[in-house]
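Visitor: got a structure for you, letters missing:
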């Protein structure tokens with residue numbers, strides 16, 4: 001199913017954002033290439049879509065980011081979702097740690 005989808009068809013539900021993680025570096029600063037097993041997934045990326053606000057403790061919580069923002073998120077936060085060859089992240093609002101300006 002994910003192969004017939006396009007990322008533009010994905011709309012996160014309330015309380016979630018869709019992020020395209022930055023590309024992981026496969027070459028060190030000194031020019032050495034790392035095997036894929038040694039790579040860590042990046043913890044930053046670009047917001048592609050934002051879900052609506054959620055109610056939390058009786059208050060409305062709106063998304064802390066907007067489409068196009070570059071963000072840093074928790075290492076173990078979110079859920080991976082692959083569309084074609086690209087893996088995206090669905091993150092809860094609270095999994096986002098900072099925006100990159």
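Guide: Yes, it's here. Computed from a prediction, not measured in an experiment: that's the story for all the values here.

Visitor: This protein: strands as residue ranges?
Guide: Per DSSP state E, the chain carries strands over the ranges 16-21, 44-50, 54-56, 59-61, 70-73, 79-83, 86-92, 96-100.

Visitor: Show me what the one helix or strand in the chain whose mean pLDDT sits lowest pairs with in its sheet, parallel or antiparallel.
Guide: Lowest by mean pLDDT, DSSP states H and E among the helices and strands of the chain is strand 79-83, with a mean of 88. Sheet pairing of strand 79-83 (DSSP bridges) gives strand 86-92 (antiparallel).

Visitor: Any buried residues in the partner strand, and which?
Guide: 88, 89, 90, 91, 92 (16 or more other Cβ atoms under 10 Å). C-beta here means a position set from N, CA and C on the backbone, and glycine is covered the same way.

Visitor: same deal with stretch 41-60?
Guide: Buried, per 16+ other Cβ under 10 Å, within stretch 41-60: 43, 45, 47, 48, 49, 50, 51, 54.

Visitor: Okay, and the beta partners of the residue nearest to the fourth one when sequence neighbours are not counted?
Guide: Nearest residue to residue 48, sequence neighbours excluded (Cβ to Cβ, 6 or more residues apart in numbering): residue 18, at 4.7 Å. Beta-bridge pairing of residue 18, defined through DSSP bridges, involves residue 49, residue 90.
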